[in-house]
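Student: Sharing a sequence plus its predicted fold:
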Amino acid sequence: MGTSVTDEQIRALAATAKPYSLALLQWSAERAPDGADAIEWEHQRRMVSLRAEGVIAILCPVASDTMAGVAIMTVPAEEAAEIMAEDPCVRAGMMRCEVHPCHGFPGDALPL
């Protein structure tokens, strides 16, 4: 670590923290039922729609045999869990979703 951070800087940043929800999507053993490609396409359409609506602030598909993706959601964890329970891949048993309350710092973004 080359950057020095003071206690005051940490406190100032912590004061800006806002609540978010972290959705972790994992592939299940039932990843490839009949019609899986169409179901996954609808999952992708839905996730991008939620992003466009501002419900998902950051969407990160994961290239893994076990983890499918990560989403930072702008709604409380209970609402995020309800939204993700309706996901086409979750409903088809292709994915499992865990939702956790978390905090983030407004203005944080992925680099271009």
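Tutor: Cool, got the structure. Note that this is a predicted model, so its numbers are computed, not measured. Numbering: from 1, shown residues only.
Student: What strand or helix carries residue 25?
Tutor: strand 18-27 (DSSP states H and E).
Student: and what of residue 64?
Tutor: If you go by DSSP H and E, residue 64 is not part of any helix or strand.
Student: For the strand holding residue 25, which residues meet the burial criterion?
Tutor: 20-25, 27 (16 or more other C-beta atoms under 10 Å). Quick note: C-beta positions are derived from backbone N, CA and C, even for glycine.
Student: Could you save those as TSV and add columns showing distance to residue 13 and pLDDT?
Tutor: What follows is the buried residues of strand 18-27, written out as TSV (distance: C-beta to C-beta, whole Å; pLDDT from 0 to 100):
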residue	distance to residue 13	pLDDT
20	15	97
21	20	98
22	19	98
23	24	98
24	24	98
25	28	98
27	35	97
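Student: and of those, the nearest to residue 62?
Tutor: residue 25 (8.0 Å; C-beta to C-beta).
Student: ok, and the closest non-adjacent residue to the closest one?
Tutor: Leaving aside its chain neighbours, residue 25 sits nearest to residue 68 (4.1 Å; criterion: C-beta to C-beta, 6 or more residues apart in numbering).
Student: tell me the contacts of the one you found?
Tutor: By C-beta atoms under 8 Å, 6 or more residues apart in numbering, residue 68 lies in contact with 25-27, 61-62, 89, 95.
Student: likewise residue 102?
Tutor: 19-22, 72.
Student: quick one: residue 110 is in a helix?
Tutor: No. Counting by DSSP: H, G, I helix; E, B strand; the rest coil, residue 110 falls outside a helix, being coil.
Student: so it touches residue 58, yeah?
Tutor: Yes. With contacts counted by C-beta atoms under 8 Å, residue 110 reaches residue 58, the gap being 6.7 Å.
Student: of the two, who's got more company?
Tutor: Between residue 110 and residue 58, residue 58 has the larger neighbour count (other C-beta atoms under 10 Å), namely 16 against 7.
Student: what about that one, which SS state?
Tutor: Per three-state DSSP, residue 58 ends up strand.
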